[in-house]
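Participant: Okay, here's the prediction I keep looking at, along with the sequence it came from:
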Amino acid sequence: MRGVIFDGKQPQVVDDLEIRDPGPGEVLVAVVAAGLCHSDLSVIDGTIPFPVPVVLGHEGAGVVEAVGAGVGHVAPGDHVALSTLANCGACAECDRGRPTMCRKAIGMPAQPFSRRGTKLYNFASNSAFAERTVVKAVQAVKIPDDVPLPSAALIGCGVLTGVGAVLNRAEVGQGESVVVIGAGGIGLNVLQGARLAGASTIVAVDANPAKEAAARSFGATHFVDASTSPDTSAAVKSILPTGADHAFECVGNTKLIRQAVDLLDRHGQAVLLGVPPADAQASFLVSSMYLDKSILGCRYGSPPPP
């Protein structure tokens, strides 16, 4: 079986992967489509520490090949989108309705793959960069057969993270203002979520002017080209003089995290979605926070239990 692995030194495509059969509560899926999310690159460059060897990929969709004991919501032949949320449904965090904080999932990767006698970890409980993968039943979300699988693959990470951050974590309200720093895969879906939430002014900020068309098609009402603006914050403030109700940092840069905080209006929220190095530290003016401002972390769009 082919797949993309990372051994701690370099990524490589191999054709001798093996995968075990699904156990109780598990599903074997033939992966048809996978998206390339920056988190896979972050494992390779060390931004996200992860045990190796590992089979990469975490944004995928495919067709169910087999199910383990106790699985009844999907059957062989069903089309599914793959979630990375391998929550147990029984720990204290799951019981509180916080599946993204599951204490039986975060930091506990399984090893369903093997190669030449060595076990390999799955990345983000998913490993979509393989021809087949084994996931928990809760991760295999059945979709209609007429949904294009390449589109369904994007739902598994980028769409859920971006739209979920708006609707679930920030709870953007009708008529509020939003600034999105970084118009990549996550940022575009934040823009889409802000539009769905009824935000009035939606400002996209990016250093690549070629992204303006896509940003506007996803919901941006304004676009600030950070590559030509000598003072990006001033450019945003010319659109939102008192600041934004919500600012989403989608790059993972500590200077931009500070910028997101500085762009907030009173009662504003800065939501952190980009992933800087694990030891990165960001600063902000403490005095500015007393105007009821908030800095929110967000994992995977903070979705409610399935």
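Facilitator: Yes, it's here. Residues are numbered from 1 along each chain as shown.

Participant: can you give me the helices in the stretch 151-300 of the chain?
Facilitator: Secondary structure of the stretch 151-300 of the chain (DSSP state H, counting those that start in this stretch): helices located at 160-164, 185-197, 212-218, 232-239, 254-262.

Participant: Tell me the buried residues in stretch 13-31?
Facilitator: Within stretch 13-31, the residues that count as buried by 16 or more other Cβ atoms under 10 Å are Val14, Leu17, Ile19, Pro22, Glu26, Val27, Leu28, Val29, Val31. Placement of C-beta: from N, CA and C, glycine included.

Participant: swap in stretch 147-154?
Facilitator: Buried residues in stretch 147-154 (16+ other Cβ under 10 Å): Leu149, Ala152, Ala153, Leu154.

Participant: burial count for the closest residue in space to the second one that isn't next to it in sequence?
Facilitator: The one in question is Ala152. Spatial nearest neighbour of Ala152, chain neighbours left out: Ala61 (3.9 Å); criterion: Cβ to Cβ, 6 or more residues apart in numbering. Neighbourhood size, Ala61 [other Cβ atoms under 10 Å]: 28.

Participant: Please name the residues that touch Ala61.
Facilitator: 31-34, 79-82, 143, 149-150, 152-153, 155-156 (Cβ atoms under 8 Å, 6 or more residues apart in numbering).

Participant: re earlier: would you turn the helices of the stretch 151-300 of the chain into CSV with mean pLDDT?
Facilitator: Listed next are the helices of the stretch 151-300 of the chain as CSV, based on pLDDT from 0 to 100:
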stretch, mean pLDDT
helix 160-164, 96
helix 185-197, 97
helix 212-218, 98
helix 232-239, 96
helix 254-262, 96
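
Participant: Tabulate those in TSV, adding columns for distance to Val203.
Facilitator: TSV is the format used below for the helices of the stretch 151-300 of the chain (distance: least, Cβ to Cβ, whole Å):
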stretch	distance to Val203
helix 160-164	15
helix 185-197	9
helix 212-218	9
helix 232-239	6
helix 254-262	12
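
Participant: Now render those as JSON lines, adding mean neighbour count and distance to Gly117.
Facilitator: As requested, the helices of the stretch 151-300 of the chain are exported to JSON lines (neighbours: other Cβ atoms under 10 Å; distance: least, Cβ to Cβ, whole Å):
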{"stretch": "helix 160-164", "mean neighbour count": "25", "distance to Gly117": "36"}
{"stretch": "helix 185-197", "mean neighbour count": "25", "distance to Gly117": "36"}
{"stretch": "helix 212-218", "mean neighbour count": "17", "distance to Gly117": "46"}
{"stretch": "helix 232-239", "mean neighbour count": "16", "distance to Gly117": "53"}
{"stretch": "helix 254-262", "mean neighbour count": "20", "distance to Gly117": "42"}
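
Participant: Met101: which of the contacts of Ala61 is nearest?
Facilitator: Ranked by distance to Met101 (Cβ to Cβ), the contacts of Ala61 are led by Gly156 at 18.8 Å.

Participant: Per-residue pLDDT of that closest one, please?
Facilitator: If you check Gly156, the pLDDT there is 90.

Participant: tell me the contacts of it?
Facilitator: Gly35, His58, Glu59, Gly60, Ala61, Ala81, Leu82, Ser83, Thr84, Asn126, Ala128.

Participant: correct me, but the third one touches Pro150?
Facilitator: Which is Glu59. No: between Glu59 and Pro150 there is no contact under Cβ atoms under 8 Å: 10.5 Å.

Participant: Contact partners for Gly162?
Facilitator: Gly162 neighbours (Cβ under 8 Å, 6+ apart): Gly185, Ile186, Gly187, Leu188, Asn189, Val190, Leu191, Gln192, Gly193, Cys250, Leu273, Gly301.

Participant: which of those lies closest to Ala282?
Facilitator: For those, the nearest to Ala282 is Leu273 (13.6 Å; Cβ to Cβ).

Participant: residues contacting the closest one?
Facilitator: Thr161, Gly162, Ala165, Ile186, Val190, Phe248, Glu249, Cys250, Cys298.

Participant: And for the fifth one, nearest residue in space, chain neighbours not counted?
Facilitator: In this structure, Val190 finds its nearest non-sequential neighbour in Gly162, 4.3 Å apart by Cβ to Cβ, 6+ apart.

Participant: Would you quantify the distance from the one you found to Gln281?
Facilitator: Using Cβ to Cβ, to the nearest Å, one gets 25 Å for the distance from Gly162 to Gln281.

Participant: Then Gly173?
Facilitator: Counting by Cβ to Cβ, the gap from Gly173 to Gln281 is 31 Å.

Participant: before we move on, back to that, select from the contacts of Ala61 every entry located in helices.
Facilitator: Of those, the ones assigned to helices by DSSP state H are Leu149, Pro150, Ala152, Ala153.
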